[in-house]
Every structure is written in C-alpha cells, then in structure tokens.
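# Kindly generate the corresponding structure for this input.
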Amino acid sequence: MTLPPNFGRAVDLSSLGKPAPQAPSTGAGISVTPTNLTTDFLEYSSTKAAIVLCWSPRSAESIATLAIMGELESESNGAWRLGNVNIDEQPQVAQALQTKTVPYAVAFVAGQLVPLFEQPYPEEQIRMVIDKVLALAAEQGVGDAPAEKIEPEEEEALAALVAGDFPRAEAA
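Presented below is the predicted three-dimensional model:
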C-alpha cells in the first residue's frame, strides 16, 4: 500500500471541536431546582404570580428571551417572580413542566400552572403576555393588576374631549 505524497505532514484535526456556546449568567431570576420548585414558585404563586422560563445555553433565542424577561422582572418592582430552568442541568424540572422546546415559559397563578409560550418573541409581546398574567392573577385575588397603559394618541384624544374640542378628539 502506498501513501499519498504529503501524508507525512498531515495533521489530525479531529480533536478540535466547536467552541462551547457562551451561557448567560443565570442572574436573570431564580434558578429552579426540584427542591425549590414547590416553595419558591408553586407556593409563592398564592401571593404573587411566578413565571418560569425553560432555556438552554445551546439556544441563542432562549438566552435572548431570558435576558428580556430578566429586564422586565427588574422593571416590575416585585410585581412577579422570574425563575429559570436550564434544561441541560435540570432535565427533571423541564420534564415536570412538560418542556418540549426552548424557550418555553409557564406561569404559576394561585397554585395553577398556566402555559404561556413556546417560541421566542420580541420584548413588546413578552411584556403583553406578562401583563395578561398579572391581570389574570389579580382576577384570582393574587397580587395587583398592572396599571393600564394609555397610548399617546389616546391621551391626546382624551385631552381634546375634556377641552370640548370634538373634531380634534375624533382626529386623534
């Protein structure tokens, strides 16, 4: 058997692999484990809504969703609690929450599990979902309803109505 002419200078590259994906710091929310799922989320949900996001460091979309939700929780002034489940490190929790894909979000309201979404969304839509969860929780006597937000156009129309300027109110 003869070897190819440059075989003596060949280099084995099989030991090189892709670099490990950068996992975010799990500073967004509380890391959910089998031991704290009941106390920190299920029982907590009788006083305020708790939202749990299942994510993976292998999914850039789920990492981005976790970052968005972390910012929204910070802005909420304690209106709700965020938990995060790294499905690679906590597969039993992911299975208990019936995770099929990431990102996957669920809420706990008054001890009940409420599935929220199974795909990445922009911040505005995630904010709307969280507002709906808080409104649902308030209906069930858990926490406070989110303050209703008025669009600038609505504010202009209301101001025109108060002033008696009906054509301007209609235009706005």
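
# Surely residue 83 forms part of a strand?
Yes: checked against DSSP: H, G, I helix; E, B strand; the rest coil, residue 83 lies within a strand.

# which residues does it contact?
By C-beta atoms under 8 Å, 6 or more residues apart in numbering, the contact set of residue 83 is 29, 30, 31, 32, 40, 41, 50, 51, 52, 53. Bear in mind the C-beta positions are built from the backbone N, C-alpha and C, glycine included.

# Tell me which helix or strand in the chain has the weakest average pLDDT.
Lowest on mean pLDDT, DSSP states H and E among the helices and strands of the chain sits helix 152-163, with a mean of 78.

# My read is that residue 47 contacts residue 142, right?
Yes: if you go by C-beta atoms under 8 Å, residue 47 and residue 142 touch, sitting 6.7 Å apart.

# Comparing those two, which shows the higher neighbour count?
The neighbour count for residue 47 versus residue 142, taken as other C-beta atoms under 10 Å, is higher for residue 142 (21 against 12).

# so who does that one touch?
The neighbours of residue 142, taking C-beta under 8 Å, 6+ apart as the test, are 45, 46, 47, 48, 49, 109, 110.

# before we move on, back to that, just checking the distance from the least confident helix or strand of the chain to the centre of its chain.
In this view, helix 152-163 has its centroid 34 Å away from the chain centroid, taken as C-alpha atoms, centre = their mean, to the nearest Å.

# Check which helices and strands it sits against.
Here helix 152-163 is seen to pack against helix 166-171 when contacts are counted using 3 or more C-beta pairs under 8 Å, 6 or more residues apart in numbering; DSSP states H and E.

# Please name the residues that touch the residue nearest to residue 45 when sequence neighbours are not counted.
Ranked by C-beta to C-beta, 6 or more residues apart in numbering and with sequence neighbours excluded, the top spatial neighbour of residue 45 is residue 108, at 3.7 Å. For residue 108, the contact set (C-beta under 8 Å, 6+ apart) comprises 41, 42, 44, 45, 49, 50, 51, 52, 114.

# Show me which of the residues you listed are buried.
For the contacts of residue 108, burial is judged from neighbour counts taken by 16 or more other C-beta atoms under 10 Å, and it is met by 41, 44, 45, 49, 50, 51, 52, 114.

# so which strand or helix has the closest residue to the first one other than its chain neighbours?
Just to be clear, that refers to residue 41. With C-beta to C-beta, 6+ apart as the measure, residue 50 is the residue that lies nearest to residue 41, at 4.4 Å, once sequence neighbours are left out. Residue 50 is part of strand 49-55, with elements assigned from DSSP states H and E.

# Show me what that strand is packed against.
For strand 49-55, the contact count by 3+ C-beta pairs under 8 Å, 6+ apart identifies helix 60-75, strand 80-86, strand 104-109, helix 123-139 as packing neighbours.
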